[in-house]
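Structure for this input, please:
(2 chains, ligands or ions: 2)
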Amino acid sequence: MLNERTEPLKDVSDVVISTRIRFARNLQDYEFPCRLSVEKKCRVAATVKAAALGNPEYSSRFRYISMSELTQEEAVSLVERHLVSPEFISDRQGRGLLLMDNESVSIMINEEDHVRIQVIRPDLDLEGAFEIANKFDDMLDEQLGFAFSDRLGYLTQCPTNIGTGMRASLLLHLPALRESGAMGKISASLGKLGFTIRGMYGDSNDPKGAVYQLSNQVTLGISEKEAIDNLRDITMQLVVQERNAREAMSQNITVLDGLYRSFGILRYAKILTNDECWKLLSDLRFGVEIGIFENIDYDTINRLMIEVQPATLMKNIGKKLPALERERIRAELIRTAIARPKVPANRRLE
Amino acid sequence: MLCQSCEKRQATTHIKTIVNGELKEFMLCPECAGKLGYGSFFSSFGPDLDRLYGGFMDSYTPQVTGKRCPFCGSSFEDIANSGRVGCARCYEIFEDELMPSLQRIHGRTTHTGKLAASAGEAVKVQSEIDACRRELENAIKTQEFEKAARLRDKIRELEKKAAEQGEE
Ligand SMILES: [Zn+2]
Ligand SMILES: [Zn+2]
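Residues are numbered from 1 along each chain as shown, chains lettered A, B, ... in the order given. Ligands and ions are numbered 1, 2, ... in the order given. Below you'll find the predicted structure:
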């Protein structure tokens, strides 16, 4: 236990939900997107599309989506699935998306930068995600020649991304730290170390579920590897803190009661709103993490957290639905997914 | 426009987020945006807004020049007001004006990460030397002396190459 801080922990899927690496890149011969007309944006999109689809290794694996052709639900669902940013769908003219068949790689064209390469991997896998992003970056750079300066590195529309242009983020579940009221302090000290942490759903200081996104902030004067190593180190410390807080809480009858109540609602409710769902699914995951609910795996919960969101739910059903109907289907999706979990024997008669 | 959160300060940041399946947009002041955990333009790319804008304001003295980027037409005022640089060329044209902000945002002013294919030969050689040095350090630590010797030779060769480039 003593060297937990230096030795990387092996399995951290009880805390780390997913990993994301994103590179910001720009073409040399065009103004940055903030100064591009729609017509020129379309030309940028066509150029990037041709570069990606022209590569025989990937041409069949990438799907090109012209953002202006999507319905609003389809566009919002891309955000819910973390494939694009809210900014990207706010004005869809002249914007394009290259999406890998398994959705692990997405390339946004004309977001804040001409090109944003994004790779998402489940669990903690910073190196793996980086390697993939790096490969696509090399492939596109070879054909497009990204804007680069020897002194400042990759040149980006917003000076906060200059240098590596890399943002590495981890989605973390920190219910015990949140419950203990420690997040404010943690967030402040992370800020001083060059990281940001924000709640993912709802008000970012008081999110509805305890899902947080931790990212590096500094991109100039630090190598990609250093940035990734630092992020992993700080995450390991958070994992240890979160686990300690969980252990302290796992005997607390009030906390346990709350988790069992949430479980009861998920198990039997006939309609569930999106808002309450965040809290309930977060509680469900918390219960699995401290071992009070068995036979539910993290993959199922991670998947539910996305599938029950309004636009994705409608996209999967294939039509626009009134709120009440969405709430009914949401409850059903969850009931089916968590049907008949086994309660551990030692807890059965409490 | 006033900040939609505190309703006191001037709103400078346009926040876009998904609430209940719908895209919502808010105008916030830098302070509230920071407090709510939103970066400037896209949440997860979030910089420290006070640092960003503070940096721009400090380095910006109006009426210095009427300088504009010949490629995109941006003035430094445009950049400072929007927090967005107009094009890659702007970084050369407004290097002096941008440097204090970059220093403030990142704490450093020289790139040390990956190199694009278009990077100059000199930085490519230098980055190779740096990589070999790191490898050498590891080789010494793990007592792989043959490997260390090979790396030393390679570094010497690269340094010769770098010196020759310097003379040209
Ligand atoms: Zn405000
Ligand atoms: Zn310019």
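
now the helices for chain B?
Listed in chain order, the helices of chain B (DSSP state H) span B:30-35, B:49-59, B:76-82, B:90-93, B:95-106, B:121-141, B:145-167.

These: lowest mean pLDDT?
Note on the helices of chain B: lowest mean pLDDT is at helix B:49-59, with a mean of 47.

Tell me the confidence at residue 72?
Assuming you mean chain A. Note for A:Q72: predicted pLDDT of 92.

You answered for a different chain; I wanted chain B.
Turning to B:C72, the model gives it a pLDDT of 95.

so who does it touch?
By Cβ atoms under 8 Å, 6 or more residues apart in numbering or on different chains, the contact list for B:C72 reads A:31-32, A:35, B:86-87, B:89-90. Quick note: C-beta positions are derived from backbone N, CA and C, even for glycine.

Distance check, it against ligand 2.
Distance of B:C72 to ligand 2, computed by Cβ to the ion, to the nearest Å: 3 Å.

Would you check how far apart that residue and A:K208 are?
Separation of B:C72 from A:K208 (Cβ to Cβ, to the nearest Å): 42 Å.

give me the number of residues near the closest residue to A:D113 other than its chain neighbours?
The shortest distance from A:D113 to any non-neighbouring residue, by Cβ to Cβ, 6 or more residues apart in numbering or on different chains, is to A:A24 (4.4 Å). Other residues near A:A24 number 28, with proximity taken as other Cβ atoms under 10 Å in any protein chain shown.

And the helix or strand where A:A24 lies, what does it pack against?
Taking DSSP states H and E as the criterion, the element that holds A:A24 is strand A:16-25. Identification of packing neighbours for strand A:16-25 by 3 or more Cβ pairs under 8 Å, 6 or more residues apart in numbering or on different chains; DSSP states H and E yields strand A:115-122, helix A:126-144, strand A:153-154, strand A:166-173, helix A:298-307.

Tell me which of these is the most buried.
Mean neighbour count (mean count of other Cβ atoms under 10 Å in any protein chain shown) peaks for strand A:153-154 among the helices and strands packed on strand A:16-25, with a mean of 28.

Quick one: distance of that one to the chain centre.
Centre-to-centre, strand A:153-154 and its host chain are 25 Å apart (Cα atoms, centre = their mean, to the nearest Å).

is that strand up against chain B anywhere?
Yes - under the criterion of Cβ under 8 Å from any Cβ of the partner chain, chain B is reached by strand A:153-154 at A:153-154.

what do you get for stretch A:61-79?
Yes - using Cβ under 8 Å from any Cβ, stretch A:61-79 reaches chain B at A:72-73, A:76, A:79.

measure that stretch end to end?
This stretch, stretch A:61-79, spans 21 Å end to end (Cα to Cα, to the nearest Å).

before we move on, the earlier item: ok, of the residues of stretch A:61-79 next to chain B, which come out buried?
For the residues of stretch A:61-79 next to chain B, a neighbour count by 16 or more other Cβ atoms under 10 Å in any protein chain shown gives the buried set as A:73, A:76, A:79.

The first one is in what secondary structure piece?
Right, A:E73. In the assignment (DSSP H and E), A:E73 maps to helix A:72-80.

could you check the angle helix A:298-307 makes with that helix?
Following axes from the mean of the first three to the mean of the last three Cα atoms, to 10 degrees, one obtains 140 degrees for the angle between helix A:72-80 and helix A:298-307.

Helix A:72-80: how far from the chain's middle?
Put simply, helix A:72-80 sits 14 Å off its chain's centre (Cα atoms, centre = their mean).

Counting by contacts, list what that helix packs against.
Contacts defined by 3+ Cβ pairs under 8 Å, 6+ apart place helix A:72-80 against helix A:86-90, helix A:310-317, strand B:13-19, strand B:22-28.

Need the contact partners of that helix.
Residues contacting helix A:72-80 (Cβ under 8 Å, 6+ apart): A:67, A:70, A:84-86, A:88-89, A:92, A:97, A:306, A:309-312, A:314-315, A:320, B:18, B:21-23.

Report the buried members of those residues.
Buried by 16+ other Cβ under 10 Å: A:67, A:70, A:84-86, A:88-89, A:92, A:97, A:309-312, A:314-315, B:18, B:21, B:23, out of the contacts of helix A:72-80.

my guess is A:G202 contacts A:Y212, does it?
No - using Cβ atoms under 8 Å, A:G202 makes no contact with A:Y212, being 11.8 Å away.

Between these two, which is the more surrounded one?
Legend: neighbour count by other Cβ under 10 Å for A:G202 and A:Y212, higher for A:Y212 (26 against 16).

what comes up buried for the host helix or strand of the more buried one?
A:Y212 belongs to strand A:211-216 when assigned by DSSP H and E. Of the residues in strand A:211-216, A:211-216 count as buried by neighbour count, 16+ other Cβ under 10 Å.

Pull the number of nearby residues for B:E25.
Neighbouring residues of B:E25 were enumerated by other Cβ under 10 Å; the total is 12.

My read is that it contacts A:S90, right?
Yes - counting by Cβ under 8 Å, B:E25 does reach A:S90; the two are 6.7 Å apart.

Please enumerate the shared neighbours of those two.
By Cβ under 8 Å, 6+ apart, B:E25 and A:S90 have these common neighbours: B:K16.

near ligand 1, which residues of chain B?
Listed as neighbours of ligand 1 in chain B under the rule Cβ under 5 Å from the ion: B:3, B:5-6, B:9, B:29, B:32.

Kindly recompute the last result at 6 Å.
Chain B comes close to ligand 1 at residues B:3, B:5-6, B:9, B:28-29, B:31-32, as judged by Cβ under 6 Å from the ion.

Now the buried members of those residues.
Buried members of the residues of chain B next to ligand 1, scored by 16+ other Cβ under 10 Å, are B:3, B:5, B:28-29, B:31-32.

Now stretch B:70-84 - C-alpha only, PDB.
What follows is stretch B:70-84, C-alpha atoms only, in PDB (Å, rounded to 0.1, in the frame of the first residue of the first chain):
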ATOM      1  CA  PRO B  70      -1.200  40.700 -44.600                       C
ATOM      2  CA  PHE B  71      -2.800  37.300 -45.000                       C
ATOM      3  CA  CYS B  72      -6.000  37.400 -42.900                       C
ATOM      4  CA  GLY B  73      -6.300  41.100 -42.200                       C
ATOM      5  CA  SER B  74      -6.500  40.800 -38.400                       C
ATOM      6  CA  SER B  75      -5.200  43.600 -36.200                       C
ATOM      7  CA  PHE B  76      -3.900  42.800 -32.700                       C
ATOM      8  CA  GLU B  77      -7.000  44.500 -31.400                       C
ATOM      9  CA  ASP B  78      -9.200  41.900 -33.200                       C
ATOM     10  CA  ILE B  79      -7.200  39.100 -31.600                       C
ATOM     11  CA  ALA B  80      -7.200  40.600 -28.100                       C
ATOM     12  CA  ASN B  81     -11.000  41.200 -28.300                       C
ATOM     13  CA  SER B  82     -12.000  37.800 -29.500                       C
ATOM     14  CA  GLY B  83      -9.300  35.700 -27.900                       C
ATOM     15  CA  ARG B  84      -8.800  34.100 -31.300                       C
END
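
Can you list the buried residues in it?
For stretch B:70-84, by 16+ other Cβ under 10 Å, it's B:71-72, B:74-80, B:82-84.

Adding distance to B:E146, write those out as CSV.
CSV is the format used below for the buried residues of stretch B:70-84 (distance: Cβ to Cβ, whole Å):
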residue, distance to B:E146
B:F71, 52
B:C72, 54
B:S74, 55
B:S75, 59
B:F76, 55
B:E77, 60
B:D78, 58
B:I79, 53
B:A80, 56
B:S82, 56
B:G83, 53
B:R84, 52
